[in-house]
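Trainee: no FASTA, just this:
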């Protein structure tokens, strides 16, 4: 967690290096009549471990080694989540591919350096992971 500078967008911590582009993306969507509401972004290592326990199981294997796809919902192991860098955003308004949020992001997010994780319509990051 050390060394990551955070900025707040919609009251949610994101990596300061991408805050301006996230704000620009949210503003561009709003100009098109689409609300992009951030559910979460940055997660500490301890929070990622807590999510793995909840979504994958409590064994060492479940927390650190089990594939993300074996968890419900899929959850990256600690150290492999773009959330831990503050570079991933889960949009609360993108619960499915049929939402206006997802449709707008699918057509526009790449202009702002964001890409979708195909298995999760709400999850957008600078790498698509």
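Mentor: Sure thing, it's come through. Since the structure is predicted, the reported quantities are computational estimates derived from the model, not experimental observations.
Trainee: From the contact counts, what lies against the longest strand belonging to the chain?
Mentor: For the chain, the strand with the greatest residue count under DSSP state E is strand 120-125. Contacts defined by 3 or more CB pairs under 8 Å, 6 or more residues apart in numbering; DSSP states H and E place strand 120-125 against strand 88-91, helix 100-108, strand 115-117. For the C-beta atoms, the positions are set from N, CA and C on the backbone; glycine is no exception.
Trainee: ok, and for the second one, which residues are buried?
Mentor: I take that to be helix 100-108. 101-102, 104-105 (16 or more other CB atoms under 10 Å).
Trainee: Now distance to residue 60 too, for those, in JSON lines please.
Mentor: Shown next, in JSON lines, are these (distance: CB to CB, whole Å):
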{"residue": "101", "distance to residue 60": "37"}
{"residue": "102", "distance to residue 60": "35"}
{"residue": "104", "distance to residue 60": "41"}
{"residue": "105", "distance to residue 60": "36"}
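Trainee: Appreciated, that's everything.
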